[in-house]
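Peer 1: Need coordinates for the below:
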Amino acid sequence: MSLFIRAVFAIAACALMAVAAVLMTYAPYSVITHALAEGTPLHTPLLEVVGYLIVAIALFDVAKYFFEEEVPAGREKRTPSDTRRGLTKFLSTIVIALFLEALVLVFETAREDPAHIVYPALLVAAACATLLALGLFQRLSAATEKEVGPEPEDEVAEGSPQASTKRPLASRDTNG
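Peer 2: Presented below is the predicted three-dimensional model:
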């Protein structure tokens, strides 16, 4: 079952990268076609391109996260610090994308219809709430790791490739 799950994550990551590549190639194309059309102001397609690129980068980073955290074999026995670092990288990407998209929406809304500025403002508030939640998670998980203590080293023969890997706290031998 583990092989199947890893394969599903690998396929999903490849699909996300393909969508990101299409968005990254479509964005400049849309600016060029809008720039060549007569009477079209250039600022509108440029802001749209920024939105496309933000989404593409976020998708690419999520796919990278899947390849780094979910696809490799032997990652089932993660330490709490590994999980914290992985989740932090993932959520940081999402928060950055939210802030950038909110910024683009603020500019678009301010030009087109300032009465609807509340929606981009709510997106900024959601990004702030996500960032605060990430900070709280970091603080609580780091405090818990300090209470539990450092992670023990594997007792593997010196010189082997596994000598520097760590094992979960639950599998620690209490007799020595």
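
Peer 1: From now on I want contacts and neighbour counts done on CA atoms only, so please keep to that.
Peer 2: Noted.

Peer 1: Report all helices and strands that the top helix by length along the chain contacts.
Peer 2: The residue-count maximum for a helix in the chain (DSSP state H) belongs to helix 2-36. If contacts are counted by 3 or more C-alpha pairs under 8 Å, 6 or more residues apart in numbering; DSSP states H and E, helix 2-36 sits against helix 43-65.

Peer 1: Run the angle between the helix or strand just after the helix it packs on and helix 43-65 for me.
Peer 2: Using DSSP states H and E, the helix or strand that directly follows helix 43-65 along the chain is helix 80-112. Inter-element angle recorded for helix 80-112 and helix 43-65: 170 degrees (by axes from the mean of the first three to the mean of the last three C-alpha atoms, to 10 degrees).

Peer 1: tell me what helix 80-112 is packed against?
Peer 2: Checking 3+ C-alpha pairs under 8 Å, 6+ apart, helix 80-112 ends up next to helix 43-65, helix 118-148.

Peer 1: what residue ranges in this protein score low on pLDDT?
Peer 2: 1, 38, 73-78, 149-176 (pLDDT under 70).

Peer 1: The same query, at a cut-off of 90, please.
Peer 2: 1-7, 9, 26-55, 57-59, 61-94, 96-98, 100-117, 119-120, 138-176 (pLDDT under 90).

Peer 1: can I see the domain layout of this structure?
Peer 2: Domain segmentation of the chain under automatic domain parsing yields 1-77, 79-148.

Peer 1: can I get those in JSON lines with mean neighbour count?
Peer 2: Shown next, in JSON lines, are the domains of the chain (neighbours: other C-alpha atoms under 10 Å):
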{"stretch": "domain 1-77", "mean neighbour count": "16"}
{"stretch": "domain 79-148", "mean neighbour count": "15"}
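
Peer 1: most centrally placed residue in this protein?
Peer 2: Nearest residue to the geometric centre of the chain (C-alpha atoms, centre = their mean): Phe90, 3.1 Å.

Peer 1: Isn't that residue up against Ala63?
Peer 2: No. Taking contacts as C-alpha atoms under 8 Å, Phe90 lies outside contact range of Ala63: 10.0 Å.

Peer 1: returning to that earlier point: same list (the helices and strands packed on helix 80-112) but as JSON lines, adding distance to Arg6.
Peer 2: Listed next are the helices and strands packed on helix 80-112 as JSON lines, based on distance: least, C-alpha to C-alpha, whole Å:
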{"stretch": "helix 43-65", "distance to Arg6": "13"}
{"stretch": "helix 118-148", "distance to Arg6": "26"}
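
Peer 1: Quick one: closest of the ones you listed to Val104.
Peer 2: Ranking the helices and strands packed on helix 80-112 by proximity to Val104 (C-alpha to C-alpha) places helix 43-65 first, at 6.4 Å.
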